[in-house]
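Visitor: what's the 3D shape of this:
(one chain, ligands or ions: 2)
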Amino acid sequence: MKTFSEFGLEPKVLRAITEMGFEESTPIQEKAIPVAMEGRDLIGQAQTGTGKTAAFGIPLINKIDIKEERIVALIMCPTRELAIQVAEEIEKLGRFKGIRSLPIYGGQDIVKQIRALRKKPQIIIGTPGRLLDHINRKTIKLDDVQTVILDEADEMLDMGFMEDIQSILKLVPDERQTMLFSATMPINIQKLAQQFLTNPEHVSVIPKQVSAPLIDQSYIELHERQKFEALCRLIDMEAPDLAIIFGRTKRRVDELSEALQKRGYTAEGLHGDLSQNQRDNVMRKFRDGSIDVLVATDVAARGLDVSGVTHVINFDLPQDPESYVHRIGRTGRAGKEGAAYTFVTPREIDHLHFIEKITRHKISRKPMPSLAEAIEGKQKMTAERVLEAMQSDDHNQFKGLAISLLEQHDSVHLLAAAFKLLTGEKKDIEIELTPEDPIRAKKRRPDIRSNGRRPSGSYGTAGGARRNDRPYGGDRGGYRGGDRNRRDGGGYRDGGRDRDRGRSDRDNRGGYSRSSNRSNEETLV
Ligand SMILES: Nc1ncnc2c1ncn2[C@@H]1O[C@H](COP(=O)(O)OP(=O)(O)OP(=O)(O)O)[C@@H](O)[C@H]1O
Ligand SMILES: [Mg+2]
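Guide: Ligands and ions are numbered 1, 2, ... in the order given. Take a look at the predicted model:
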């Protein structure tokens, strides 16, 4: 892997990269940065968690003239949380150069945004709905934009976003550099890219499977009514540091997070019907570890980078292979390992096989965790917590109590009772969730995933992409990040009260309707 000093970047940009703890470039960065620095349009595809943000962020920051007082670059993201996160990374990369960037997304006070826009940011990172709002109010002008980036391009160009993106890009001069990035590039992105890109270079780092290599993928076959018990057992057995649980609908997420709380887990839900304030709070708590379990709709499937996520659990099977790849990609990031579990009801098995086929990765079957395994996991966890607490000195105040209790009671009984309390055991609380309908297998012509040249079922690298000659699997060399504290939750702004108007409502809900699920839209994200 190349070190960043080999790209010919400005010293101030290099310094920012070093400060972020990046030592070597990742494969997509190594390939995309030089192409982007030539000013060419590009389509960049690489597995989840492999540094695509910096792959476009670094050349962008390097390129911008610091004296510029106009908006010269536009980054579009499908969700608010992602816009916030990308803005943070851009901010860090541009810190020493003094680049001014601004996130613009729905749910935040528009007046506040207008005030911030007066400071003449050079880069806007936004969600399409709110961007259009500003364009219509003439508070954002795109006449001087020279670089456009669509993060999660396939999602952005999905039917739900297409119209907005078209309206926005019409206002950007044709003489510009346009870059698309995503871990998944369905073949139809080609047609769409033709509209927006000029002679793009395809930069792809997808060895043979599109999902990230360090994720251990398994599924558990069970009935709908067994899911909640299985989930609790799985969490107990696996004792994740941080886990994201994906549910199909907002109602599902609400019910599930409430049920988990009742059973004593620190869980909260994230979906597009919450206020921006609530969404920000949930994300902040998850990033700083004050909740261990995030229950979310697909609003959290794309791009979110929270370090310490060891587990992703698909409580409901995702609608399509792309969603599967992105959901599980919330773990196993930046060279770390992760585990992904998917619950599948008997009627959904075909759909699971379809996902396996398209992603070209076998998902291994695991039995439903037994009660014994769950109890063992929980006990181990509790013992670890107690032993950890013993290492620190701040339990001295309890020593007197311990001595006096031990004089009166049997030590084994005493400790066992304390353990019981500590495990927060609340198994007797009855939980009932509203059942969800099973996902039906959708037969998709296999070749729409491929670039037309590869065998059916192959996951398309972007168009005529040059396949990476070197498998990426297991190569952790590219990641020797220092001790970057990603869980500081910094930069999460308080949401405003205003709601997006009409057309940006999708953005306000933070969700995105997929063309394939239109009829089912209410229940999605
Ligand atoms: N060169 C590098 N060295 C070490 N860590 C890096 C490097 N580049 C990026 N990272 C870190 O890797 C993590 C994942 O990066 P990023 O979010 O950009 O992934 P991504 O490819 O966009 O994933 P997704 O497809 O899920 O959006 C981030 O925490 C980022 O800071
Ligand atoms: Mg990303």
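
Visitor: in the lengthiest helix in the chain, what's buried?
Guide: Criterion DSSP state H: the longest helix present in the chain is helix 371-391. Residues 373, 374, 375, 377, 378, 381, 382 are the ones in helix 371-391 that count as buried (16 or more other C-beta atoms under 10 Å). Heads up, the C-betas are built off the backbone N, CA and C, glycines and all.

Visitor: next helix or strand past it?
Guide: helix 399-408 (DSSP states H and E).

Visitor: chain center to that following helix: distance?
Guide: In terms of C-alpha atoms, centre = their mean, to the nearest Å, the centre of helix 399-408 is found 48 Å from the chain centre.

Visitor: cool, and stretch 47-62?
Guide: 15 Å.

Visitor: what's the answer for stretch 28-45, then?
Guide: Distance, stretch centre to chain centre, for stretch 28-45: 22 Å (C-alpha atoms, centre = their mean).

Visitor: so where's the stretch 301-450 of the chain uncertain?
Guide: By pLDDT under 70, the weakly predicted segments of the stretch 301-450 of the chain are 425, 441-450.

Visitor: which parts of it sit against ligand 2?
Guide: Within reach of ligand 2 by C-beta under 5 Å from the ion, the stretch 301-450 of the chain has these residues: residue 303.

Visitor: so which residues on the stretch 301-450 of the chain come close to ligand 1?
Guide: 303, 305, 329, 333, 334 (C-beta under 6 Å from any ligand atom).

Visitor: any chance of the residues you listed in a markdown table, with neighbour count too?
Guide: Listed next are these as a markdown table, based on neighbours: other C-beta atoms under 10 Å:
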| residue | neighbour count |
| --- | --- |
| 303 | 26 |
| 305 | 20 |
| 329 | 27 |
| 333 | 25 |
| 334 | 21 |
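
Visitor: spell out which parts of the stretch 1-150 of the chain neighbour ligand 2.
Guide: Of all the residues in the stretch 1-150 of the chain, those lying near ligand 2 are residue 52, going by C-beta under 5 Å from the ion.

Visitor: quick one, strands of the stretch 201-350 of the chain?
Guide: Along the stretch 201-350 of the chain, counting by DSSP state E, counting those that start in this stretch, strands occupy 201-205, 215-221, 242-246, 267-270, 293-296, 309-314, 338-344.

Visitor: what's the second one packed up against?
Guide: For strand 215-221, the contact count by 3 or more C-beta pairs under 8 Å, 6 or more residues apart in numbering; DSSP states H and E identifies strand 338-344, strand 364-365 as packing neighbours.

Visitor: quick one: low-confidence parts of the protein?
Guide: Ranges of the chain meeting pLDDT under 70: 425, 441-525.

Visitor: report the closest residue of the stretch 101-250 of the chain relative to ligand 1.
Guide: Per C-beta to the nearest ligand atom, residue 183 is where the stretch 101-250 of the chain lies closest to ligand 1, at 4.1 Å.

Visitor: hang on, that residue packs against residue 328?
Guide: No - contact between residue 183 and residue 328 fails when scored by C-beta atoms under 8 Å: they sit 10.6 Å apart.

Visitor: what about the two, which has more around it?
Guide: For residue 183 versus residue 328, neighbours defined as other C-beta atoms under 10 Å are more numerous around residue 328 (31 against 27).

Visitor: how close does the more buried one get to residue 42?
Guide: To residue 42, residue 328 is 26 Å away according to C-beta to C-beta, to the nearest Å.

Visitor: now residue 440: closest residue in space that isn't a chain neighbour?
Guide: In space, and not counting its chain neighbours, residue 440 is closest to residue 351: 7.0 Å by C-beta to C-beta, 6 or more residues apart in numbering.

Visitor: run a quick neighbour tally on the one you found.
Guide: A total of 22 residues lie near residue 351 under the criterion other C-beta under 10 Å.

Visitor: can you tell me how far it is from residue 204?
Guide: Taken as C-beta to C-beta, the span from residue 351 to residue 204 is 27 Å.

Visitor: same deal with residue 107?
Guide: For residue 107 relative to residue 204 (C-beta to C-beta), the value is 34 Å.

Visitor: between the two, which is the more surrounded one?
Guide: Counted by other C-beta under 10 Å, residue 107 and residue 204 do not tie: residue 107 has more neighbours, with 28 against 24.

Visitor: chain neighbours aside, what residue packs nearest to that one?
Guide: Distances taken as C-beta to C-beta, 6+ apart put residue 276 closest to residue 107, at 3.0 Å, once the chain neighbours are dropped.

Visitor: list the buried residues for stretch 174-189?
Guide: Neighbour counts over stretch 174-189 (16+ other C-beta under 10 Å) mark 176-187, 189 as buried.

Visitor: quick check, nearest of the residues you listed to ligand 2?
Guide: Of all the buried residues of stretch 174-189, ligand 2 sits closest to residue 181, with 6.8 Å by C-beta to the ion.

Visitor: now do the closest one against residue 303, distance only.
Guide: Relative to residue 303, residue 181 is positioned 10 Å away (C-beta to C-beta).

Visitor: joint contacts of the two?
Guide: By C-beta atoms under 8 Å, 6 or more residues apart in numbering, residue 181 and residue 303 have these common neighbours: 151, 152.

Visitor: okay, how far is it across stretch 42-62, tip to tip?
Guide: This stretch, stretch 42-62, spans 17 Å end to end (C-alpha to C-alpha, to the nearest Å).

Visitor: break down the stretch 151-300 of the chain into its helices, ranges please.
Guide: All helices of the stretch 151-300 of the chain, identified by DSSP state H, counting those that start in this stretch, fall at 153-156, 159-170, 189-196, 227-238, 250-262, 276-287.

Visitor: what residues does the third one touch?
Guide: Read that as helix 189-196. Looking at what lies outside helix 189-196 - C-beta under 8 Å, 6+ apart - the contacts are 43, 148, 150, 153-154, 157, 162, 165-166, 169, 178, 180, 200, 451, 462-463.

Visitor: do the longest one as well
Guide: Counting by C-beta under 8 Å, 6+ apart, helix 250-262 makes contact with 228, 231-232, 245, 247, 267-273, 293, 295-297, 315-316, 426, 429, 431, 433-434, 436, 523, 525, all of which sit outside it.

Visitor: just the buried residues from those residues, in PyMOL please.
Guide: Only the buried entries of the contacts of helix 250-262 go into this PyMOL selection, using 16+ other C-beta under 10 Å:
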select buried, resi 228+231+232+245+247+267+268+269+270+271+272+273+293+295+296+297+315+316+433+436+525
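
Visitor: looking at the contacts of helix 189-196, spot the one nearest ligand 2.
Guide: Distances from ligand 2 to the contacts of helix 189-196, taken by C-beta to the ion, are shortest for residue 153, at 10.5 Å.

Visitor: tell me the contacts of the closest one?
Guide: Counting by C-beta under 8 Å, 6+ apart, the residues that residue 153 touches are 43, 180, 181, 182, 185, 189, 193.

Visitor: how close does the fourth one sit to residue 44?
Guide: Spatial separation of residue 182 from residue 44 under the definition C-beta to C-beta is 8 Å.

Visitor: how about the second one?
Guide: Using C-beta to C-beta, one gets 7 Å for the distance from residue 180 to residue 44.

Visitor: and the fifth one, by the same measure?
Guide: Taken as C-beta to C-beta, the spacing of residue 185 relative to residue 44 amounts to 9 Å.

Visitor: am I right that residue 97 is in contact with residue 66?
Guide: Yes - the pair residue 97 / residue 66 is scored as a contact, 6.0 Å apart, by C-beta under 8 Å.

Visitor: between these two, tell me which one has more neighbours.
Guide: residue 97 (16 against 12).

Visitor: how would you label the more buried one: helix, strand or coil?
Guide: With DSSP: H, G, I helix; E, B strand; the rest coil as the basis, residue 97 sits in coil.

Visitor: now it: closest residue in space, sequence neighbours ignored.
Guide: Nearest non-adjacent residue to residue 97 (C-beta to C-beta, 6+ apart): residue 12, at 4.4 Å.

Visitor: before we move on, back to that, any chance of the helices and strands packed on strand 215-221 in a markdown table, with mean neighbour count too?
Guide: Formatted as a markdown table, the helices and strands packed on strand 215-221 follow (neighbours: other C-beta under 10 Å):
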| stretch | mean neighbour count |
| --- | --- |
| strand 338-344 | 23 |
| strand 364-365 | 10 |
